[in-house]
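In: Provided below are the primary sequence and the corresponding predicted coordinates.
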Amino acid sequence: MKIKVLVVDDSAFMRKVIADMITSDPNMEVVGVAKNGEEALQMIVSTKPDVVTMDVEMPKMDGLAALKQIMEVSPIPVIMLSSLTTNGAVETLKALDYGAFDFITKPTSLIKVSTPEVREELLSKIRIASRTKVNKPLVMNRQPRPVVSVVKEDLPKAKMAAGRTKFKKLIAIGTSTGGPRALQDVIPFLPSDIDAGILIVQHMPPGFTKSLAERLDSMSQIRVKEAEDGDVIVAGVAYLAPGDSHIKVTKQAGQFVLKLDNGERVSGHKPSVDALMYSIVELNDRNVIGVIMTGMGADGADGLSKVKANKGFVIAQDEESCVVFGMPKSTIKLGVVDKVVSLNNIANEIVKAMEV
């Protein structure tokens, strides 16, 4: 049975390019094309696609408005096509929060539109999306999370972590598909006085991680920032890997210092969860909590097996609460996970592990 795809884009050129890429796979078929959200909603009813590719910016009804209605009425996997702009990044994060399965970035030039890399990314995400059950309760009726407007400078000094370079634990979190939304159910629940430095690898292209860091920072009691080369890690601050660099931890003069590495992909990704974990293991520090969350593939599994071998503590997200169970599943299979918990319990388990 072929995977049925509906293509939604206001550009006739992009509709054709995307449709051609999809039909190049013998196991997929394009069951319809639509030029705006209104047409898409009508065609979903008539064509019953398995997956929808949806442009973010369109006339009449844009991708976000259409996505909301799809998730409310007949939830199916939607892959957003986003522009590489600051506004595009903000809108894409909103789409992921509304329930989009994932996104790909529109190439910046016509020459790059149908490269093998773009084609394979699109087809791979369609394949995974077609096997993913999207249900309304998970997407639209998730437990409320605290959106905290914290003026961090006004917090009591005893709870202000900034500047404290000596701390009890390093927390390293890895995630991919479904991660931007899932992180909002973890990071805002960490207390401002947590005695740990926090590192996050989220598979995302350049230009999107800064917006994600700012979004997480706005709703969290801890600070969240996009990592920069040379950052000295301090307690109560989370550092998010930039979209085009690995983050690695080094130790200098008794302090943990971040290094950005623009080298080759590791485990198929840059930034890579494995790359971060390998660097932490080289420090030979046993006070490490590793967390692996929703995402396709196996990035992080090998690195976390080494963290565990070095007496670290490993937490994995359970299958039921994952958008894609690939990364946690691969890690669990290695027998190195101490706790498998639902998304809304990860923050609690991290706080508990701080006492171990």
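Out: That came through, no problem.
In: quick check, Arg164 in contact with Val234.
Out: Yes: at 5.5 Å, Arg164 counts as touching Val234 under the criterion of C-beta atoms under 8 Å. To be clear about C-beta, it is placed using only N, CA and C from the backbone, and glycine gets the same treatment.
In: more neighbours: the two, which one.
Out: Using other C-beta atoms under 10 Å as the criterion, Arg164 and Val234 rank with Val234 on top: 18 against 14.
In: per-residue pLDDT, that one?
Out: In this model, Val234 is scored at 95, pLDDT.
In: which of the helices or strands spans it?
Out: In this structure, Val234 sits in neither a helix nor a strand according to DSSP states H and E.
In: measure it to Val201 for me?
Out: 19 Å (C-beta to C-beta, to the nearest Å).
In: other residues contacting the helix or strand where Ile289 lies?
Out: Under the criterion of DSSP H and E, Ile289 resides in strand 288-292. Strand 288-292 is contacted by residues 169-175, 186, 196, 273, 277, 280, 300-301, 303-304, 307-308, 310, 312-317, 327-328, 331, 337, 346, 350, 353-354 when judged by C-beta atoms under 8 Å, 6 or more residues apart in numbering.
In: go again with 7 Å.
Out: Applying C-beta atoms under 7 Å, 6 or more residues apart in numbering, the external contacts of strand 288-292 come out as 169-174, 277, 280, 300, 304, 307, 312-317, 327-328, 331, 346, 350, 353.
In: what is the mean pLDDT for that strand?
Out: Mean pLDDT, strand 288-292: 98.
In: can you tell me the element the closest residue to Leu123 other than its chain neighbours falls in?
Out: What sits nearest to Leu123 in space, not counting adjacent residues and going by C-beta to C-beta, 6 or more residues apart in numbering, is Asp25, at 5.3 Å. Counting by DSSP H and E, no helix or strand carries Asp25.
In: mind checking pLDDT for Asp25?
Out: 97.
In: does it really touch Ser124, like I thought?
Out: No: applying C-beta atoms under 7 Å, one finds Asp25 not in contact with Ser124, separated by 10.1 Å.
In: and these two? Which one has more around it.
Out: Using other C-beta under 10 Å, the more surrounded residue of Asp25 and Ser124 is Asp25, with 17 against 14.
In: ok so, going back, mind checking which of the contacts of strand 288-292 are in strands?
Out: 169-174, 313-317 (DSSP state E).
In: what are the ranges of the strands in the protein?
Out: Ranges of strands in the chain, per DSSP E, are 3-8, 28-34, 51-55, 78-82, 102-105, 169-175, 196-202, 223-226, 237-240, 246-252, 255-261, 288-292, 313-317, 339-341.
In: average pLDDT for the fifth one, rounded please.
Out: Spelled out, it's strand 102-105. Average pLDDT, strand 102-105: 92.
In: note down every partner strand of it and its orientation.
Out: strand 78-82 (parallel) (DSSP bridges).
In: between the strand it pairs with and strand 51-55, how many degrees?
Out: 20 degrees (axes from the mean of the first three to the mean of the last three C-alpha atoms, to 10 degrees).
In: residue contacts, Lys352?
Out: Contacts of Lys352 by C-beta under 7 Å, 6+ apart: none found.
In: oh sorry, the question was meant for Phe325
Out: Glu319.
In: just Ile44 next, same as before
Out: 6, 52, 70, 74 are the contacts of Ile44 under C-beta under 7 Å, 6+ apart.
In: need those in JSON lines (columns: distance to Leu93, pLDDT and neighbour count).
Out: As requested, the contacts of Ile44 are arranged in JSON lines below (distance: C-beta to C-beta, whole Å; pLDDT from 0 to 100; neighbours: other C-beta atoms under 10 Å):
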{"residue": "Leu6", "distance to Leu93": "23", "pLDDT": "98", "neighbour count": "24"}
{"residue": "Val52", "distance to Leu93": "19", "pLDDT": "98", "neighbour count": "29"}
{"residue": "Ile70", "distance to Leu93": "18", "pLDDT": "95", "neighbour count": "24"}
{"residue": "Ser74", "distance to Leu93": "24", "pLDDT": "86", "neighbour count": "13"}
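In: need the strands of the chain in CSV with distance to Ala129, can you?
Out: Formatted as CSV, the strands of the chain follow (distance: least, C-beta to C-beta, whole Å):
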stretch, distance to Ala129
strand 3-8, 9
strand 28-34, 11
strand 51-55, 5
strand 78-82, 6
strand 102-105, 7
strand 169-175, 17
strand 196-202, 18
strand 223-226, 28
strand 237-240, 25
strand 246-252, 27
strand 255-261, 31
strand 288-292, 21
strand 313-317, 19
strand 339-341, 24
